[in-house]
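Peer 1: no FASTA, just this:
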């Protein structure tokens, strides 16, 4: 059972996440947070030292949620199905949020890279983990003949992560799934992704 | 000859561009602008209605500069050389700024997509123009047998733009050219870019 204090803390973190995604960390004021969470300054500062502390906690939770998202995409199935799940789930997640808010790590990368070493360090860790885990799956798919093997798995993983982040940026800007979906479909083709049961290269128009 | 007033206006715009790139528009205060430009509130508000007006003017100038950057990359040479120039110049530009500040359009896309329709409209225009012009060059390269022709030129152009934006994001985060350089080298390979005088696919390690 959660106490009322815990509920308030959760509410602040939940609303903060939405505001940071939509407006950015810098443009979100403590008053925005109070309004959204329907709480008082006294309550907020009882739970958190400052806005930075809220930002860090939001990022840490997002990191754990993202690692579970990766676990889920890569669990079971063949390696190429893992990559395909990642593509599918990334599109789906952005579709569910109606292409508002984008990717909190990408947003933070652009916002914090030159100004906030603590936020930047956490986001670096997330991207390094994403690329490393994806590279492992791509490498396994290459061994299984399901992805082209003439380019190192880590290079392909980096291209995929860059394209997904750039694709989310474009889809968020246009409020349309087309840019991200297109980037993913084109990636499927240029990676030479082969489905096990149905050997074919997906059409670039997917 | 420029008047002192014009010089002040230019100074404000120049410093604003640097601050918006590094910190973001939302996190830059009018006081930051005054400090950086070494001017007074009276002077600033003589030249600009508000921070938004400065932001819009900075973006409009960046748009014109970027169109010249595209003209320059695509001028002369074969189509595939145009694409290669774009890759080379994008890396060079980010290297020159020591991977600080990233791409003002990418930054603004993430910052303004959900909050500032005017900024978002301008950035949309820039990306649409970039993709359309690149697609034309890619299409010409496909006709000349210099880029793989089994994927529509516009899909390849979108993948390139997404990868460059995502690559700049990663290079800025790591303060290293590696992510962007790798993404570009991998793109060269997956696009099957062929140099006219020296038919080869560039190594992904470039």
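Peer 2: Now that the structure is in, tell me what you want to look at. Predicted model, so just to flag it, every value in this text is computed and none were measured.

Peer 1: Just confirm yes or no for the longest helix belonging to chain A near chain B.
Peer 2: When chain A is parsed with DSSP state H, its longest helix is helix A:117-143. Yes: against chain B, helix A:117-143 shows contacts by CB under 8 Å from any CB of the partner chain at A:120, A:123-124, A:127. C-beta: built from backbone N, CA, C; applies to glycine.

Peer 1: would you turn those into CSV with distance to residue B:77?
Peer 2: Formatted as CSV, these follow (distance: CB to CB, whole Å):
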residue, distance to residue B:77
A:120, 38
A:123, 38
A:124, 37
A:127, 35
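
Peer 1: ok, now which residue in chain A is the farthest from the centroid?
Peer 2: What lies farthest from the middle of chain A is residue A:42; by CA atoms, centre = their mean that is 32.6 Å.

Peer 1: on that earlier part again, quick one: list the elements packing against the longest helix of chain A.
Peer 2: helix A:51-74, helix A:79-96, helix A:104-112, helix A:153-174, helix B:153-174 (3 or more CB pairs under 8 Å, 6 or more residues apart in numbering or on different chains; DSSP states H and E).

Peer 1: mind giving me the domain ranges of chain A?
Peer 2: Annotated domains of chain A cover A:1-48, A:59-190 [automatic domain parsing].

Peer 1: picking that back up, would you reformat the helices and strands packed on helix A:117-143 as CSV and include distance to residue A:7, mean pLDDT and mean neighbour count?
Peer 2: Shown next, in CSV, are the helices and strands packed on helix A:117-143 (distance: least, CB to CB, whole Å; pLDDT from 0 to 100; neighbours: other CB atoms under 10 Å in any protein chain shown):
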stretch, distance to residue A:7, mean pLDDT, mean neighbour count
helix A:51-74, 16, 98, 16
helix A:79-96, 25, 97, 19
helix A:104-112, 23, 95, 25
helix A:153-174, 31, 98, 26
helix B:153-174, 35, 98, 26
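
Peer 1: quick check: mean pLDDT across the longest helix of chain A?
Peer 2: With pLDDT averaged residue by residue, helix A:117-143 scores 98.

Peer 1: what does stretch A:8-16 give?
Peer 2: The pLDDT scores in stretch A:8-16 average 97.

Peer 1: tell me the centre residue of chain A?
Peer 2: residue A:103 (4.8 Å).

Peer 1: Out of the residues of helix A:117-143 next to chain B, grab the one that's most surrounded.
Peer 2: For those, neighbours were counted using other CB atoms under 10 Å in any protein chain shown, and residue A:123 has the most, 26 neighbours in all.

Peer 1: That residue contacts residue A:112, correct?
Peer 2: Yes: using CB atoms under 8 Å, residue A:123 is in contact with residue A:112, at 6.8 Å.

Peer 1: Any chance of the helices and strands packed on helix A:117-143 in JSON lines with distance to residue B:5 as columns?
Peer 2: Output for the helices and strands packed on helix A:117-143, formatted as JSON lines (distance: least, CB to CB, whole Å):
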{"stretch": "helix A:51-74", "distance to residue B:5": "38"}
{"stretch": "helix A:79-96", "distance to residue B:5": "47"}
{"stretch": "helix A:104-112", "distance to residue B:5": "34"}
{"stretch": "helix A:153-174", "distance to residue B:5": "36"}
{"stretch": "helix B:153-174", "distance to residue B:5": "35"}
